[in-house]
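Visitor: need a 3D model of the sequence below.
(chains A and B)
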Number of protein chains: 2
Amino acid sequence: MERAIIEGVIKLIEDGVPLAELSIERVARTAGVGKATIYRRWSGKEAMFVDVLRTLEEPPAELPGTSMRDDLIVLVEHIRRRGLNMRSSAILHNVFAQMKSLPKLWDAYHKTVIDPQRRVSFEVLRRGVETGELREDVDIVLANELFVGPMLVRSVLRPDAPLDEDLPTRIVDLVLEGLRPAE
Amino acid sequence: MERAIIEGVIKLIEDGVPLAELSIERVARTAGVGKATIYRRWSGKEAMFVDVLRTLEEPPAELPGTSMRDDLIVLVEHIRRRGLNMRSSAILHNVFAQMKSLPKLWDAYHKTVIDPQRRVSFEVLRRGVETGELREDVDIVLANELFVGPMLVRSVLRPDAPLDEDLPTRIVDLVLEGLRPAE
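Guide: Residues are numbered from 1 along each chain as shown, chains lettered A, B, ... in the order given. Next up is the predicted model:
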């Protein structure tokens, strides 16, 4: 049932209905269910859209746990894959483009999808400090941005930039080693 | 005259007119000029909107030229200021949110504003390789993303993140030194 409703929403978006006009009422009518059925599963439109996005996006990355470096490469690779996915999927591209003008959906997406991913990154970095793989004088939030920022910029802000397979490894190693020449 | 037309466009956007509905005809009527007057100055709607954005945004950064590090800090500081500006200006925020759904405007903005800034960054990094401040085995485009990516992520993708004054210096120095503990 949940799956059928989500498929119905995807169909409506593919047909070009703007998210702002996609009411619970319209979704219910399309899926052939009552509004109550939808409200039993989702607190509102935003929560429903977030589940639609989850259906379309890559599942969260599974960390190998062998070292901070290995885990970071997997996390950056996940961003690369999301970038590739966003480029090839017209519907994902479309939804994200609209989301910027829908602050409530943006917030719900961040709280349920992005924030948990960031907490996983922070945990990886904290373990790295414990195991001596990461400088302990660095703010964890900023360290995370140094590792994930370059790939995020490339995949989200520069949709024409190449997303080569070796990028996650190159980025993680460069950030660990630094760009100053060895003396 | 040009200034009056730009002010007219800003007024229309502030009044809530979506960019997609802002035709040259409507702008001409608002500014009390003929369409030909507008086409004498701009090749089309996109070129005009780019000039509107330029009026609202910070002018390009002036580089001190004292070292690669100093220049990079100024370039990253420029991104921080644009982030602060975007947060405090409802109209800038609004235009950028809409721009994602207007690929022609997005392209024009990139070609005339973002690409020249990137070329300045590349030049700074190339000089850094020459002066021995930057590893020569690193791709310049990727190196640029390592320096500017973290600040871009913070200012554009995480609108609630702090934009402290010391961030540009911290980011540039961390990327130069690397996050691996000294042995």
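Visitor: which of the three states applies to A:V138?
Guide: coil (DSSP: H, G, I helix; E, B strand; the rest coil).
Visitor: list the residues that contact the closest residue to it other than its chain neighbours.
Guide: Among residues not flanking A:V138 along the chain, B:L179 sits closest, at 6.1 Å (CB to CB, 6 or more residues apart in numbering or on different chains). Where C-beta positions appear, they are placed from N, C-alpha and C, glycine not excepted. Residues near B:L179 by CB atoms under 8 Å, 6 or more residues apart in numbering or on different chains: A:134-135, A:138, A:143, A:146, A:175-176, A:178.
Visitor: now, which of those lie within helices?
Guide: A:143, A:146, A:175-176 (DSSP state H).
Visitor: turn those residues into TSV, including pLDDT, distance to B:L152 and neighbour count.
Guide: Formatted as TSV, those follow (pLDDT from 0 to 100; distance: CB to CB, whole Å; neighbours: other CB atoms under 10 Å in any protein chain shown):
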residue	pLDDT	distance to B:L152	neighbour count
A:A143	98	16	23
A:L146	98	12	25
A:V175	98	15	24
A:L176	98	21	20
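Visitor: not counting its own residues, what contacts the helix or strand in which A:E25 is found?
Guide: Take DSSP states H and E as the rule and A:E25 turns out to sit in helix A:24-31. Helix A:24-31 is contacted from outside by A:4-5, A:8-9, A:11-12, A:17, A:34-35, A:37-39, A:44-45, A:48, using CB under 8 Å, 6+ apart.
Visitor: can you turn the buried part of those residues into a ChimeraX selection?
Guide: Filtering those down to the buried ones (16 or more other CB atoms under 10 Å in any protein chain shown) takes a single ChimeraX command:
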select /A:5,8,9,12,17,38,45,48
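Visitor: for A:G178, what are phi and psi?
Guide: The phi/psi pair for A:G178 (degrees, to the nearest 10) reads phi 90, psi 160.
Visitor: give me the subset of the contacts of helix A:24-31 that also touch chain B.
Guide: When CB under 8 Å from any CB of the partner chain is taken as the criterion, no member of the contacts of helix A:24-31 contacts chain B.
Visitor: and of the contacts of helix A:24-31, the nearest to chain B?
Guide: A:V17 (14.4 Å; CB to the nearest CB).
Visitor: return the residues in contact with the closest one.
Guide: A:R26.
Visitor: lowest-pLDDT helix or strand in chain A?
Guide: Least confident helix or strand, chain A: helix A:90-99 with a mean of 84, by mean pLDDT, DSSP states H and E.
Visitor: and the next element down the chain from it?
Guide: Next element after helix A:90-99 (DSSP H and E): helix A:103-109.
Visitor: average pLDDT for that next one, rounded please.
Guide: For helix A:103-109, mean pLDDT rounds to 89.
Visitor: return the set of buried residues in the next helix or strand after that helix.
Guide: Downstream of helix A:103-109, the first helix or strand assigned by DSSP H and E is helix A:115-130. Across helix A:115-130, burial judged by 16+ other CB under 10 Å covers A:117-118, A:120-121, A:124-125, A:128-129.
Visitor: neighbouring contacts of helix A:115-130?
Guide: Contacts of helix A:115-130 with the rest of the structure, by CB under 8 Å, 6+ apart, involve A:60, A:63, A:68, A:71-72, A:75, A:78, A:134-136, A:140-141, A:143-144, A:147-148.
Visitor: at 10 Å instead, please
Guide: Residues outside helix A:115-130 that contact it (CB atoms under 10 Å, 6 or more residues apart in numbering or on different chains) are A:60-61, A:63, A:65, A:67-72, A:74-76, A:78-79, A:82, A:109-110, A:133-141, A:143-145, A:147-148, A:176, B:158, B:179-181.
Visitor: report the central residue of chain A.
Guide: What sits nearest the mean C-alpha location of chain A, by CA atoms, centre = their mean, is A:I114, with 5.6 Å.
Visitor: the longest helix in chain A is where?
Guide: Chain A, longest helix under DSSP H: helix A:68-88.
Visitor: just the CA trace of that helix, in CSV.
Guide: Backbone C-alpha positions of helix A:68-88 (Å, rounded to 0.1, in the frame of the first residue of the first chain) are rendered in CSV as follows:
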residue,chain,number,x,y,z
MET,A,68,39.2,5.9,9.2
ARG,A,69,40.6,6.3,5.7
ASP,A,70,38.7,3.3,4.3
ASP,A,71,35.4,4.5,5.9
LEU,A,72,35.9,8.1,4.6
ILE,A,73,36.5,6.8,1.1
VAL,A,74,33.2,4.9,1.2
LEU,A,75,31.4,8.0,2.5
VAL,A,76,32.8,10.2,-0.2
GLU,A,77,32.1,7.5,-2.8
HIS,A,78,28.5,7.6,-1.6
ILE,A,79,28.3,11.3,-2.4
ARG,A,80,29.8,10.6,-5.9
ARG,A,81,27.1,7.9,-6.5
ARG,A,82,24.4,10.3,-5.4
GLY,A,83,25.8,12.8,-7.8
LEU,A,84,25.8,10.3,-10.7
ASN,A,85,22.3,9.3,-9.8
MET,A,86,21.1,12.9,-9.7
ARG,A,87,22.5,13.5,-13.1
SER,A,88,20.9,10.4,-14.7
